[in-house]
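> What shape does this take:
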Amino acid sequence: SQGAEAFENRIGNLFPQLKGKPYGYTTPQPSGVGEGGVLRGCPSSDEELARPPPNCFSSSTDLKDKEHYITPFKFTKSKEEAMKDLKEGIKTYPPGQSGIDGGGWKIFKETEDYIYAQYESEKIGYLDDLEFLLNPDDKTVSVRSASRVGFLDFAVNAKRVNWFVKFLEGKGGWKAESITPDNHPDYFSQNGSD
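Numbering: from 1, shown residues only. The predicted model follows:
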């Protein structure tokens, strides 16, 4: 899925020079993203890089890669209830929260244990990918939030993941760790903390 030219829940306008076509509309979806089954790690692109840029978090990244790894979310409720909470979180996610994702979002794939959504920046229309993969055996949810292009993300992926951490913990029966300067210092030193 390439993404829509404009998501229905967009709250702002693109820069006029883009002539109504978000930049992200032309960026390819990375291989393995949106397929379910196993989440890819970081980097977010298919390019060979000397070091992954600080614009991606994944529970499927090597544990040694502390700047990109995030602990899977844990739940104590049934698989069905956990999936219902994740879907509700995505469907109630407010475009523009914390000054990000003003271009809106859209779910592109949903199964009994997997959700894939795309989020778009407001002014330029950069696309980011968000995936949740529910693991019923150990009652965890693997998470991946990644920018498709660029090196820095200006803390966008941290703000998005942290919104979901707060939302799920507010539902009860969830334990998830926020992304902070304490647990991801290099990411925040490059992207800023606001």
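
> pLDDT weak spots in this protein?
1-6, 44-50, 194 (pLDDT under 70).

> Now do the strands in it.
56-58, 73-75, 105-110, 114-120, 127-135, 140-147, 174-175 (DSSP state E).

> how about those strands in TSV, adding distance to K166?
C-betas here are computed from N, CA, C, even on glycine. Shown next, in TSV, are the strands of the chain (distance: least, Cβ to Cβ, whole Å):
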stretch	distance to K166
strand 56-58	16
strand 73-75	12
strand 105-110	17
strand 114-120	17
strand 127-135	15
strand 140-147	14
strand 174-175	10
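
> wait, which of those is closest to G12?
For the strands of the chain, proximity to G12 was assessed by Cβ to Cβ; strand 114-120 is nearest, at 10.2 Å.

> Please name the strands paired to that closest one in the sheet, noting orientation.
Strand pairing for strand 114-120, using DSSP bridges, gives strand 105-110 (antiparallel), strand 127-135 (antiparallel).

> Please work out which of those strands is packed deepest.
strand 127-135 (a mean of 23; mean count of other Cβ atoms under 10 Å).

> what about the residue lying closest to K175 once chain neighbours are set aside, neighbour count?
In space, and not counting its chain neighbours, K175 is closest to K74: 4.5 Å by Cβ to Cβ, 6 or more residues apart in numbering. K74 has 16 neighbours, counted by other Cβ atoms under 10 Å.

> Kindly report the same for K64.
Count around K64 with other Cβ under 10 Å applied: 6.

> I70 and V143 touch, don't they?
Yes. Counting by Cβ atoms under 8 Å, V143 is a contact partner of I70 at 5.9 Å.

> any idea which helix is longest in this structure?
helix 156-171 (DSSP state H).

> which parts of it are buried?
156-165, 167-168, 171 (16 or more other Cβ atoms under 10 Å).

> what residue lies at the spatial centre of the protein?
S145 (2.6 Å; Cα atoms, centre = their mean).

> quick one: contacts for the closest residue to it other than its chain neighbours?
Using Cβ to Cβ, 6+ apart and skipping the chain neighbours, the partner closest in space to S145 is N157 (4.4 Å). Counting by Cβ atoms under 8 Å, 6 or more residues apart in numbering, N157 makes contact with 55-57, 128, 145-147, 179.

> The residue nearest to K175 and S142: what is the separation?
In this view, K74 and S142 are 11 Å apart by Cβ to Cβ, to the nearest Å.

> Thanks again, I'm all set now.
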